[in-house]
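Colleague: Predicted structure and sequence below. I'll ask about it afterward.
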Amino acid sequence: MAESITLTGQYALRLIEHDIDVALNSKFKTDNWKYLIYVDTDSVYFEMAPVVNKFFKNDAIPMKVKKLEKIAIDILQDEVNKIVSSACTNMKVYENKLYFKLEAVGDKAAFCLDGDSSVLIGDMQMKISEAYAAKDSLIGNSIISYNTHRQISVQDVLVDVYRRPYSGLMYTFETVCGKRLKVTADHTMFVRRDGTVIEVCAKHVSMTDELVVQ
C-alpha cells in the first residue's frame, strides 16, 4: 500500500513537471518561462516573477501577495489539478482523491545549493552543476532524503534537477568530518538542537548546532 501511494504521487508529479510550464506560458502569454522550479514529495513550487513584473510590478507588497494568492487559487491550482485528474484517469482510479491547493505565497526560496556542491545520486558522487547537465539520464536514480516525521534518512527517487538565477548571501558549512556545503541564506537545514531535529534557515544555524548529514 505504501509503495503504491508513493508511486502514484511520483507519477502525478512527473506529469505536472512535463505539462505545467506549457500551460502557464500559454495562460500568461510569456515566452518559455520555467515557472515550476521545485517539487517535493507532495508539493510544487512556482517562480512567478514574470507575472508580477508584467501585470503588477509597481504594486505594494501586500497587494502583490493578495493578487498572487488569487492567481494561485484561480489559475495554478486549476491547471495543476487538471493534470492530476488526467493522471488519475490514466491510472483508471475508482475515485480521484488527489488534488493540490495553495499553501503559501512567499518572496524567498528555501532549497538552493551552489553548483559546486556535491550530491550523491545512485552510486555516483557529483556536483550539482554536473547533475543538472546530465539530468535526463539521472532521473529515476535513488537519492537520500530526510524524513522529518521519523527523523531518519530514507531512500527516495530523483525526479528533476533545477537551476535558477540568484543574487544574495551564500553560506558555507564545513563539518568536523570534512563535509562541505554551500547554500543560499534561506535554504532549509536540518539540525539537532537540544536533542531534537528541527528545520532552520541556513542564516539561522548556530555553531552549537549539529548538522544532520548523510
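Modeller: That came in fine, so what should we check first? Computed from a predicted structure; not experimentally measured. Numbers count the residues shown, from 1 in each chain.

Colleague: Who is the residue nearest in space to the middle of the chain paired with across the strands?
Modeller: By CA atoms, centre = their mean, the mean C-alpha position of the chain lies nearest to residue 38, the distance being 2.9 Å. Residue 38 has these beta-bridge partners by DSSP bridges: residue 45.

Colleague: you'd agree it is up against residue 161?
Modeller: No: look at residue 38 against residue 161 with CB atoms under 8 Å: they stay out of range, at 10.2 Å. C-betas here are computed from N, CA, C, even on glycine.

Colleague: And the contacts of stretch 37-50?
Modeller: 9, 13, 16-17, 20, 24, 28, 30, 33-36, 68, 71-72, 76, 80, 100, 103, 109, 111, 156, 159-160, 162, 164 (CB atoms under 8 Å, 6 or more residues apart in numbering).

Colleague: Low-confidence stretches in the protein?
Modeller: The model of the chain has pLDDT under 70 over residues 1-7, 9, 39-42, 107-111, 146-152, 165, 167, 213-214.

Colleague: Could you list the buried residues of the longest helix anywhere in the chain?
Modeller: Of all the elements of type helix in the chain, the one with the most residues (DSSP state H) is helix 2-28. Residues of helix 2-28 classed as buried: 9, 12-14, 16-17, 19-21, 23-25, 28 (neighbour count, 16 or more other CB atoms under 10 Å).

Colleague: could you say what helices and strands that helix packs with?
Modeller: Under the contact definition 3 or more CB pairs under 8 Å, 6 or more residues apart in numbering; DSSP states H and E, helix 2-28 sits against strand 36-39, strand 44-46, helix 49-55, helix 77-90.

Colleague: Can you lay out the ones you listed as CSV showing distance to residue 198?
Modeller: Output for those, formatted as CSV (distance: least, CB to CB, whole Å):
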stretch, distance to residue 198
strand 36-39, 21
strand 44-46, 21
helix 49-55, 30
helix 77-90, 30
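
Colleague: between those, which one is nearest to residue 187?
Modeller: strand 36-39 (11.6 Å; CB to CB).

Colleague: sorry, back to before: among the helices and strands packed on helix 2-28, which comes closest to residue 168?
Modeller: In terms of CB to CB, the element of the helices and strands packed on helix 2-28 nearest to residue 168 is helix 49-55, at 14.4 Å.

Colleague: what's downstream of that closest one, the next helix or strand?
Modeller: helix 61-71 (DSSP states H and E).
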